[in-house]
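1. A predicted structure for the sequence below; I have some questions about it.
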Amino acid sequence: MYPEYMSESLEKVTQSRNKRFELAKSGKPIYPPMNAEEREDVLNKFHPDYKVESRRKVRIGPNKGELLTTEVTDMLESHSRITSKLFDLTSPDYETDILIIGGGGAGCAAAIIAQQQGVKSIISTKLRLGDANSMMSQGGMQAAVTPQDPPTKHYLDAIGGGHFDNKPELVRALTEDGPDVAKWLEELGVVWDKADDGTLQVLHGGGTSRKRMLSCRDYTGAIILRTLMDEIRNHPEEITILEFMPIIELLLDHKGQCAGGVLYNLETEEYFTVKAKATMIATGGYGRLHIRGFDTTNHYGATGDGLVMAYKAGAKLMYMDSVQYHPTGSVFPEQIAGFLITEKIRGAGGQPLNKDGEIFVFPREPRDVESSAFIRECLERNNGIQTPSGRVGIWLDSPLIEMLHGEGYINKQFPAMHRQFIRYGIDITQEPMLVYPSLHYQNGGIEINEKTETNIPGLFVAGEASGGVHGRNRLMGNSVLDYNVFGRRTGKYASEYATKAKIGTLSLEHVDKYEKALKDARIKTKRVSPILLPYYTPEDVRKRQLTACYEGTLR
Amino acid sequence: MATKKTAKKKPASPKKKKTKIEAPEEVMATVFIMGKAHKVPADATIMGAIEYAGYQLKRGAGCREGFCGACATVYRLPGDYKIYTGLACTTLVEDRMWLSQLPTFPGQKAIYDIDKIEPSVETIQMLYPEVFRCVACNTCTKACPQDLEVMDYIQAAMRGDIEMVMDLSFDCICCGLCAIRCPAEIVQYNVGLLAKRLYGKYLSPKSKELEKRIREMKRDKYDKEYQELLKTKKKDLKKIYYERDLE
Ligand code: SF4
Ligand code: SF4
Ligand code: FES
């Protein structure tokens, strides 16, 4: 329930609703979208990335000298958990064709494609199989499937949304594979939202010029990922799943090929080695680094592990200066601060409103622009609504959706959202939600080409861990598509690679070299990465833990 | 330190100007985490309380938003014989709550070839014969943190009504709380998953538009357009982008 002092503002939202409804129904524009200059202006002034202190030069490694997101630079300029001396690499504990690091969407898709070609894989995952941001995507997956929407329109939307910084060949791959991914998933058993005659339901998302958002109610990610996981578990002979066993460093061979990795058993704290003919990084993003102190919509395990390992092995990163803040993270009640409120809400007609119940931005700008406009409305124009704990937010008017689409629509299309709020006495069919941008997505990552190859032979990357697909800003629904498109591509190309690859003598020398580079650059730090898990232990408890140290999960 | 400070109350979305609105004073509650008493904020979620008490979760935490089922929890309240179930990430603590997490449950999954089975009651019989042991006690429904009609979907599975199983189990997050309570030892969520896959693959009406688009892509219909776009200079691409028509 909203506190009493908000009732005046809530009343204004209710009052303006009828008029806004009439306008929305008429099909006339409800608010003018920004032009190029206006977008640039709001981004420069209000996007958190554009603050000077949000970036810091990295002093070592393949991107040396580049400005990266400060928290990322911190993570890269850190020690490894191990040194080469600790390991006898002549008799690896596991051997396989493809080592897949990460059990989210991209990893699962790759394992299935590899299995279909008779190629074996090991999936190493830090938590359980399927513990990933992929599980949490609510809104949908973009795919150009309607007659008025050729895939080239999707290309244009994605590249414009990414401020024309995307690697064109990756955007082509993304948009061109879209329809086939939709069909492939359905053949595996994904239940798409459809009309009775089979027509796929399509909705708008931020930055789309055509309706092309496919969905599975608001459990899109969960339905897709659970289907993939179930398929994986139908093939225990070919696919080995190692849970609570993250990879913490990559292995190279003497020719510089990637050749597997070092496993760490999160519970028994033992280390093991895996030799593989090809290696895939599918470790997802980094929301749990809480960049710039923001709350995050991300999974507990989203700590950017793959980035660090790949970087230490010599892989190039791309656009690691760019962070995505999702416009609509929840800010009230406090218990769900930062939680994702799907963009599909705005796709279905929900409107962002200020404290006076007025719409102040086109609801479907690309995410970075929309987020910046929210921040401007709250911080500069002082038109936000304060919460009891001192946060600030704007209204997201959901009851309008029921007016536009008929009663019961929210319960049918947004069951997860409805559930999330009704627990706290807020019925989103009757009352709006209070939102503010929340740390959501790693726009950049390890640079790949359209075959998901990196600059290290034998190392493939797909999904959020990769960089280049989305330029400096991803559109809604393109991440679910991304992990399917590029996950499948890794499955294909890594399998081809694995059948031909000859792995030489295994080595961890690069880890020692990186350590030396740290020293040579006079970088003094206690940090150890990958950090594997964030910690939310209160300060006073930590003080009493006399023998504990908080270097990730290292003790 | 490995991460920036992110203690109990994580730093909010930038907290700018402080206004007159007073934050209510912190009220505390006692909870028994696996039998041990801890004082925690009374408005915390169970997960928040466990972390507040000093645990770093390895199991029992995942999405932290109610989507992954990693955080299944059972609890009792004082003076109440009932066994309650909930998700640690979305359930609020109550004073003198006694809780244990059940981060994993041995729920067997049938292995099958999705291409070789049919959307029928025979498939259910073959893969999950225990479904027919259901005694309609409704315990599963009462245990479900998603408020799903679990018994109804199991009953629908017995009738071979795949569509209804799909529909009723759609929002299932595989937390396992129904299964641990079931006297017939059914693993409901895996039955639901099977039905969803059967429905999606075999029963859902096919999209003609999609088929048509796939045929177009096979004959590279858009290849030329793509070539053009890939050749277009950034400046011109920008122009095309900002002038494109919106549906
Ligand atoms: S049906 Fe069972 S497994 Fe699924 S959400 Fe409900 S209790 Fe959890
Ligand atoms: S708990 Fe088991 S036996 Fe009881 S209704 Fe549910 S499925 Fe049937
Ligand atoms: S942590 Fe995912 S459902 Fe609670």
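-> Structure's in. What do you need? Ligands and ions are numbered 1, 2, ... in the order given.
2. Low-confidence bits of chain B, can you list those?
-> Chain B contains residues with pLDDT under 70 at B:1-25.
3. Could you pull out the strands in chain B for me?
-> Under the criterion DSSP state E, chain B contains strands at B:28-33, B:36-41, B:72-76, B:84-87, B:97-101.
4. now for those strands, which one comes closest to residue A:133?
-> Evaluated over these, closeness to residue A:133 peaks at strand B:84-87, with 18.1 Å, by CB to CB. For the C-beta atoms, the positions are set from N, CA and C on the backbone; glycine is no exception.
5. List the buried residues for stretch A:194-202?
-> Neighbour counts over stretch A:194-202 (16 or more other CB atoms under 10 Å in any protein chain shown) mark A:194, A:199, A:200, A:202 as buried.
6. Kindly report the same for stretch A:489-508.
-> A:489-495, A:497-498, A:501, A:503, A:506-508.
7. Please apply the same query to stretch A:408-424.
-> For stretch A:408-424, by 16+ other CB under 10 Å, it's A:409, A:410, A:413, A:414, A:415, A:416, A:417, A:418, A:419, A:420, A:421, A:423.
8. Show me what residue of the stretch 451-555 of chain A gets nearest to ligand 2.
-> Distances between the stretch 451-555 of chain A and ligand 2 by CB to the nearest ligand atom are smallest at residue A:480, namely 32.1 Å.
9. which regions of chain A sit below the pLDDT cut-off?
-> For chain A, the ranges with pLDDT under 70 are A:552-555.
10. 80 instead?
-> A:547-555 (pLDDT under 80).
11. Kindly state the beta-bridge partners for the closest residue to residue A:494 other than its chain neighbours.
-> Sequence neighbours aside, residue A:278 is the residue nearest to residue A:494 in space, at 4.1 Å (criterion: CB to CB, 6 or more residues apart in numbering or on different chains). Under DSSP bridges, the beta-bridge partners of residue A:278 are residue A:98.
12. need the contact list for residue A:278.
-> A:97, A:98, A:99, A:258, A:458, A:459, A:460, A:494, A:495, A:497, A:498, A:501 (CB atoms under 8 Å, 6 or more residues apart in numbering or on different chains).
13. Recalculate using a threshold of 7 Å.
-> Residues in contact with residue A:278, defined by CB atoms under 7 Å, 6 or more residues apart in numbering or on different chains, are A:97, A:98, A:458, A:460, A:494, A:497, A:498, A:501.
14. Next: residue B:74.
-> Counting by CB under 7 Å, 6+ apart, residue B:74 touches B:83, B:84, B:85, B:99, B:100, B:102.
15. Roughly how far does it sit from residue B:34?
-> According to CB to CB, to the nearest Å, residue B:74 and residue B:34 sit 11 Å apart.
16. Give me the common contacts of the two.
-> With CB under 7 Å, 6+ apart, residue B:74 and residue B:34 have common neighbours residue B:100.
17. can you list contacts of stretch A:35-47?
-> A:50, A:368, A:369, A:371, A:372, A:373, A:375, A:376, B:238, B:242.
18. The strand or helix carrying the second one and chain B, are they touching?
-> Assigning secondary structure by DSSP states H and E places residue A:368 in helix A:367-375. No: using CB under 7 Å from any CB of the partner chain, no contact is recorded between helix A:367-375 and chain B, whose separation bottoms out at 8.1 Å.
19. list the helices and strands whichever helix or strand comes after that helix packs on?
-> Tracing the chain C-terminally past helix A:367-375 and defining elements by DSSP H and E, one meets strand A:385-386 next. Secondary-structure packing of strand A:385-386 (3 or more CB pairs under 7 Å, 6 or more residues apart in numbering or on different chains; DSSP states H and E): strand A:392-397.
20. Tell me how far the strand it packs on lies from the chain's centre.
-> 23 Å (CA atoms, centre = their mean, to the nearest Å).
21. got it, and stretch A:189-201?
-> Its chain's average C-alpha position is 26 Å from that of stretch A:189-201, according to CA atoms, centre = their mean.
22. wait, does that stretch contact chain B?
-> Yes: residues of stretch A:189-201 contacting chain B under CB under 7 Å from any CB: A:189, A:190, A:191, A:194, A:196, A:197, A:198, A:199, A:200.
23. what about the second one, which helix or strand?
-> By that I understand residue A:190. Here residue A:190 is assigned to no helix or strand, by DSSP H and E.
24. before we move on, the earlier item: possible to save the buried residues of stretch A:408-424 as JSON lines with distance to chain B and secondary structure?
-> Listed next are the buried residues of stretch A:408-424 as JSON lines, based on distance: CB to the nearest CB, whole Å; DSSP: H, G, I helix; E, B strand; the rest coil:
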{"residue": "A:409", "distance to chain B": "16", "secondary structure": "helix"}
{"residue": "A:410", "distance to chain B": "14", "secondary structure": "helix"}
{"residue": "A:413", "distance to chain B": "12", "secondary structure": "helix"}
{"residue": "A:414", "distance to chain B": "11", "secondary structure": "coil"}
{"residue": "A:415", "distance to chain B": "5", "secondary structure": "helix"}
{"residue": "A:416", "distance to chain B": "7", "secondary structure": "helix"}
{"residue": "A:417", "distance to chain B": "10", "secondary structure": "helix"}
{"residue": "A:418", "distance to chain B": "10", "secondary structure": "helix"}
{"residue": "A:419", "distance to chain B": "7", "secondary structure": "helix"}
{"residue": "A:420", "distance to chain B": "7", "secondary structure": "helix"}
{"residue": "A:421", "distance to chain B": "11", "secondary structure": "helix"}
{"residue": "A:423", "distance to chain B": "6", "secondary structure": "coil"}
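25. Spell out which residues of chain B are next to ligand 3.
-> Neighbours of ligand 3 within chain B, by CB under 6 Å from any ligand atom: B:61-64, B:66-71, B:87-89, B:173.
26. Of these, which are in range of chain A?
-> Filtering the residues of chain B next to ligand 3 for neighbours of chain A using CB under 7 Å from any CB leaves B:61, B:62, B:63, B:64, B:66, B:67, B:68, B:70, B:173.
27. what's around residue A:29, how many residues?
-> 11 (other CB atoms under 10 Å in any protein chain shown).
28. ok, for it, nearest residue in space, not its chain neighbours?
-> residue A:362 (8.0 Å).
29. got it, and residue B:41?
-> Distances taken as CB to CB, 6+ apart put residue B:26 closest to residue B:41, at 5.6 Å, once the chain neighbours are dropped.
30. For residue A:162, which residues are in contact?
-> By CB under 7 Å, 6+ apart, residue A:162 lies in contact with A:470, A:471, A:472, A:473.
31. try residue A:526
-> Here residue A:526 is in contact with residue A:551 (CB under 7 Å, 6+ apart).
32. tell me the secondary structure for it?
-> For residue A:526, the assignment made with DSSP: H, G, I helix; E, B strand; the rest coil gives coil.
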